[in-house]
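Engineer: here you go, sequence then predicted model.
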Number of protein chains: 2
Amino acid sequence: MPSRQASTRAPRAGSADDVADRLHSAAIHLLRRLRREDDASGVSAPRLSALSVVVFGGPVTIGDLAAAEQVRVPTMSRLVVTLEEAGLVQRVPDATDRRVVRVEATEAGRTLLHAGRRRRVAALAADVGRLSAPQRRALLAAIPLLERLAGR
Amino acid sequence: MPSRQASTRAPRAGSADDVADRLHSAAIHLLRRLRREDDASGVSAPRLSALSVVVFGGPVTIGDLAAAEQVRVPTMSRLVVTLEEAGLVQRVPDATDRRVVRVEATEAGRTLLHAGRRRRVAALAADVGRLSAPQRRALLAAIPLLERLAGR
DNA sequence: GGCTGATAGTTAGCTTTGCTAACTAACAAC
DNA sequence: GTTGTTAGTTAGCAAAGCTAACTATCAGCC
């Protein structure tokens, strides 16, 4: 990986390029690892992530959901279909604007989310728990920055 | 997202569960964003990542490449085919063991990697550059931890 | 030498999840 | 009431992940 080599072409350690590059690499591998935990729960990462928005964000439109998840509307539309088929969410037509579909979580969706989330991050959480207190603090301090870089 | 709500079911802020959960969410959104930059360069993230291993790791077998990228062998085999079709890598049969295939970068591959990497992380690097010095330090301090959590 | 089992890759086929383009339905405005 | 805009859906494509099944080669062992 880019972050693991010591080429003379590598950006200066600590430079914006270096940080960006290593962050990218770390994010790729972190997610590859977590995907396996997702599989174990029977609900894929995109579904779980969308379900999470619905559960915590209340009834929400397809468009807003797509924006929140940073995917296109057709992608989200299909994702909602599969979530509905699985009985995890429900489509509710908007009362005043009949073009709009509001998506809300079912009880099964809420239950699964909480169980699924727990399982999904369990392996990662265990490793986080294994860090020293200062390390954990360092990680915690970086999280708002990551969220900001992720584009929120 | 899980990290944005204030449910009573949410793990304690700063707990291992909380850190793990928010990290997961941030990683998902960070990569979604970067994928667009990848598209602009004409080389997808998995290809660029594999190419990176080949360029910096020297001639490497398909199996080792798959292990390094944390994917199964058939997935990597196909990825190498597309990289070879694009003229970015070359298959070289091993001299002593004719079952193994060594993959090495072409000059075009090396050139593209350096150009592509630069473009790919450019948007992210720009945002990183916009952080304050202490923020950048906080991010830098967290990177080794992320790399560790990403697994080995 | 010649079986037998292990190992490296490939091929085939399926699934999920992205995308764009083109469509329908409903609303808003004039 | 026509015209343009907006919300979602449908259709069709590509990338990238997986497993299962296959080929080819190698290593051991009698």
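Structural biologist: Okay, I see it. Numbers count the residues shown, from 1 in each chain, chains lettered A, B, ... in the order given.
Engineer: do the lengthiest helix in chain A and chain B come into contact?
Structural biologist: Using DSSP state H, we find that the single longest helix of chain A is helix A:16-41. Yes: using CB under 8 Å from any CB of the partner chain, helix A:16-41 reaches chain B at A:16-17, A:19-34. Just so you know, the C-beta spots here come from the backbone N, C-alpha and C atoms, and that holds for glycine as well.
Engineer: equivalent analysis for stretch A:98-113, please.
Structural biologist: No: Stretch A:98-113 lies out of reach of chain B by CB under 8 Å from any CB, never closer than 8.6 Å.
Engineer: can you mark which positions in that stretch are buried?
Structural biologist: Residues of stretch A:98-113 classed as buried by neighbour count (16 or more other CB atoms under 10 Å in any protein chain shown): A:101-103, A:105-106, A:109-110, A:112-113.
Engineer: output the residues you listed as JSON lines; include the columns secondary structure.
Structural biologist: What follows is these, written out as JSON lines (DSSP: H, G, I helix; E, B strand; the rest coil):
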{"residue": "A:101", "secondary structure": "strand"}
{"residue": "A:102", "secondary structure": "strand"}
{"residue": "A:103", "secondary structure": "strand"}
{"residue": "A:105", "secondary structure": "strand"}
{"residue": "A:106", "secondary structure": "coil"}
{"residue": "A:109", "secondary structure": "helix"}
{"residue": "A:110", "secondary structure": "helix"}
{"residue": "A:112", "secondary structure": "helix"}
{"residue": "A:113", "secondary structure": "helix"}
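Engineer: could you identify the most distant pair in the residues you listed?
Structural biologist: The most widely separated members of those are A:101 and A:112, with 21.2 Å between them, by CB to CB.
Engineer: where does chain A dip in pLDDT?
Structural biologist: Per-residue confidence for chain A (pLDDT under 70) gives these ranges: A:1-14, A:35-41, A:116-121, A:151-152.
Engineer: go again using 50 as the cut-off
Structural biologist: A:1-9 (pLDDT under 50).
Engineer: need the residue closest to the centroid of chain A.
Structural biologist: residue A:49 (4.9 Å; CA atoms, centre = their mean).
Engineer: the helix or strand containing that residue close to DNA strand C?
Structural biologist: Residue A:49 is located in helix A:45-57, with elements delineated by DSSP states H and E. Yes: applying CB under 7 Å from any atom of the strand, one finds helix A:45-57 in contact with DNA strand C at A:45-47.
Engineer: nearest to residue A:147, of those residues?
Structural biologist: Of the residues of helix A:45-57 next to DNA strand C, the one sitting nearest to residue A:147 (CB to CB) turns out to be residue A:45, at 17.1 Å.
Engineer: could you report the distance from the closest one to residue B:30?
Structural biologist: Shown here: residue A:45 relative to residue B:30, a distance of 13 Å by CB to CB, to the nearest Å.
Engineer: try residue A:113
Structural biologist: For residue A:113 relative to residue B:30 (CB to CB), the value is 22 Å.
Engineer: pretty sure residue A:75 is touching residue A:66, no?
Structural biologist: Yes: in this structure residue A:75 lies within contact range of residue A:66 using CB atoms under 8 Å: 6.9 Å.
Engineer: the more surrounded of those two?
Structural biologist: residue A:66 (19 against 14; other CB atoms under 10 Å in any protein chain shown).
Engineer: of residue A:45 and residue B:30, which one has the most company?
Structural biologist: Ranked by neighbour count (other CB under 10 Å), residue A:45 and residue B:30 place residue B:30 first, with 23 against 18.
Engineer: how about the contacts made by the more buried one?
Structural biologist: By CB atoms under 8 Å, 6 or more residues apart in numbering or on different chains, the residues touching residue B:30 are A:23-24, A:27, A:146, A:149-151, B:124.
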